[in-house]
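[1] pasting the sequence and the predicted coordinates here, then a few questions.
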Amino acid sequence: TRYPALLSERVLGPLRLQGLRLALRDVTVPGLMPGHDPQGRPAPLWRFDAMAGAGALAGTVRDIARYAQAAMGVFEHPLEAAFALALTPRGDGPSATNPTALAWLAGPLFQRRVFAHDGATAGHSSSLFIDPASRRAAIVLANAQVGVSDIALHLMDPRVPLRDPAAGKRLTERPAIAVA
């Protein structure tokens, strides 16, 4: 069975995610905005059949919201056990407070455990945070290759400050060495 058929049959169909599709060579993604690189220049849509599972899934915020609801157990569906397994921390992440689960990074957020999954291709970025205990999620989709996880985290809890892009730009534009 080919990956697109398997994905449709076992995940997208059971969760009724009709708007999600693989952006493969021969597939049009309705409503997908053209992407841009970090400098704001147009960027081509990635279309890669061989690694479709690593970033070729495209869709609407409505479909991603339904996926988040499925992950948090908001409605009954046949993939509940798979999501429970996927949200169980499995190993060390970037730090002791951020263990990795299956396709998710876990972390504390003001005495709660939230899970995140970010994505990016040349021209597009995304961030999804879920809080299964409170059944809240935040989704940010961008048609630019820029970091958006701070926005999603801020939407989860406004006490988390937004990143200051100007400050980051000032740091990267400093001379590496000073010549006297």
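    Good, I have the coordinates. Numbers count the residues shown, from 1 in each chain.
[2] I'd like to know which elements the lengthiest helix in the chain is packed against.
    Looking across the chain with DSSP state H, the single longest helix is helix 61-72. Helices and strands touching helix 61-72, by 3 or more Cβ pairs under 8 Å, 6 or more residues apart in numbering; DSSP states H and E, are helix 80-86, strand 124-131, strand 136-142. C-beta coordinates here come from the backbone N, C-alpha and C atoms, glycine included.
[3] flag every buried residue along the longest one.
    So the one you mean is strand 124-131. Neighbour-count burial for strand 124-131, counted by 16 or more other Cβ atoms under 10 Å, picks out His124, Ser125, Ser126, Ser127, Leu128, Phe129, Ile130, Asp131.
[4] and stretch 10-26, by the same measure?
    Within stretch 10-26, the residues scored as buried using 16+ other Cβ under 10 Å are Val11, Leu12, Leu15, Leu17, Gly19, Leu20, Arg21, Leu22, Ala23.
[5] of the buried residues of strand 124-131, which is the nearest to Leu85?
    In terms of Cβ to Cβ, no member of those lies closer to Leu85 than Ile130, at 15.1 Å.
[6] name all residues that make contact with the spatially closest residue to the closest one that is not a sequence neighbour.
    Closest residue in space to Ile130, ignoring its immediate chain neighbours: Ala137 at 4.6 Å, by Cβ to Cβ, 6 or more residues apart in numbering. Each residue near Ala137 by Cβ atoms under 8 Å, 6 or more residues apart in numbering is listed here: Ala65, Ala68, Gln69, Met72, Leu128, Phe129, Ile130, Asp131, Met156.
[7] thinking the last one is in contact with Ser127, fair?
    No. With contact defined as Cβ atoms under 8 Å, Met156 does not reach Ser127; the gap is 10.1 Å.
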